[in-house]
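[1] all I have is the shape, not the residue letters:
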């Protein structure tokens, strides 16, 4: 802490005072850092006394407690879900679909993979994802392996222009990336969702966190 203060003081002496954001937990270390010539902002110390009063307990002041595995069972559940999402990414495996808590379906590049991975890593949900292809659109029915699990399915869609832009980065000037192809796939995907009573959301202007929150709420996960 003393070395850090000397560094801050040297910077302050050579020019504008640096802004210092501190998340040091130990009170003695915070006291040393606060003596620097920087604009010192104690992000923890400002509120610890209020929290101690509100929770009727005393902060340990022990560094490193925010790191590591706090709940080993929950951590292992998330790692298991992560492995499941990787195995079942983009329809690579149909093994143990009965274990899935969620099956995401969508045309290519609508956000299936990042959403499934986020739900696995953040919430421990066994999430598979499955691409919709032209054969599926032609008969307006779910891919055959998913039909027994229709109540686990959730669809993603997008805007044709947005989907075309994303696909252009992958396969420039291809039929796959054309606006006409994207429009056709999205239109048919949405009709498939409606006819099979699969809930869905437009992911075009939503973050992965927003998409996931919507799925959690609507699927009651």
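    Yep, that arrived. All values derive from a computational prediction rather than experimental measurement. Residues are numbered from 1 along each chain as shown.
[2] give me the contact list for the strand or helix carrying residue 6.
    In this structure, residue 6 sits in helix 2-14 according to DSSP states H and E. Around helix 2-14, the neighbours that count as contacts under C-beta atoms under 8 Å, 6 or more residues apart in numbering are 18, 20, 32, 33, 35, 36, 37, 38. Using the backbone N, CA and C atoms, a C-beta is placed for each residue, glycine as well.
[3] what comes up buried for it?
    Neighbour-count burial for helix 2-14, counted by 16 or more other C-beta atoms under 10 Å, picks out 4, 5, 8, 9, 11, 12.
[4] what do you get for stretch 13-20?
    18, 20.
[5] and what of stretch 134-142?
    Neighbour-count burial for stretch 134-142 [16+ other C-beta under 10 Å]: 136, 137, 142.
[6] among those residues, name the least confidently predicted one.
    Of all these, residue 137 carries the smallest pLDDT score, 88.
[7] just the element for the residue lying closest to it once chain neighbours are set aside, please.
    Leaving aside its chain neighbours, residue 137 sits nearest to residue 188 (3.9 Å; criterion: C-beta to C-beta, 6 or more residues apart in numbering). Counting by DSSP H and E, the element that carries residue 188 is helix 179-195.
[8] which helices and strands sit right next to that helix?
    helix 134-139, strand 153-157, helix 160-170, strand 200-202 (3 or more C-beta pairs under 8 Å, 6 or more residues apart in numbering; DSSP states H and E).
[9] let me know the average pLDDT across that helix.
    For helix 179-195, the per-residue pLDDT averages 96.
[10] could you list the low-pLDDT ranges of this protein?
    Scanning the chain with the threshold set as pLDDT under 70 gives 66-70.
[11] which residue is nearest the middle of it?
    For the chain, the residue sitting closest to the mean C-alpha position, by C-alpha atoms, centre = their mean, is residue 118 at 3.6 Å.
[12] hmm, back to that, okay, now the residue nearest to residue 137: neighbour count?
    17 (other C-beta atoms under 10 Å).
[13] I figured it was touching residue 139, is that so?
    No. Contact criterion C-beta atoms under 8 Å: residue 188 and residue 139 do not qualify, at 10.2 Å.
[14] residues contacting residue 60?
    Taking C-beta under 8 Å, 6+ apart as the definition, residue 60 has no contacts.
[15] ok, it to residue 46 distance?
    Per C-beta to C-beta, to the nearest Å, residue 60 is found 18 Å from residue 46.
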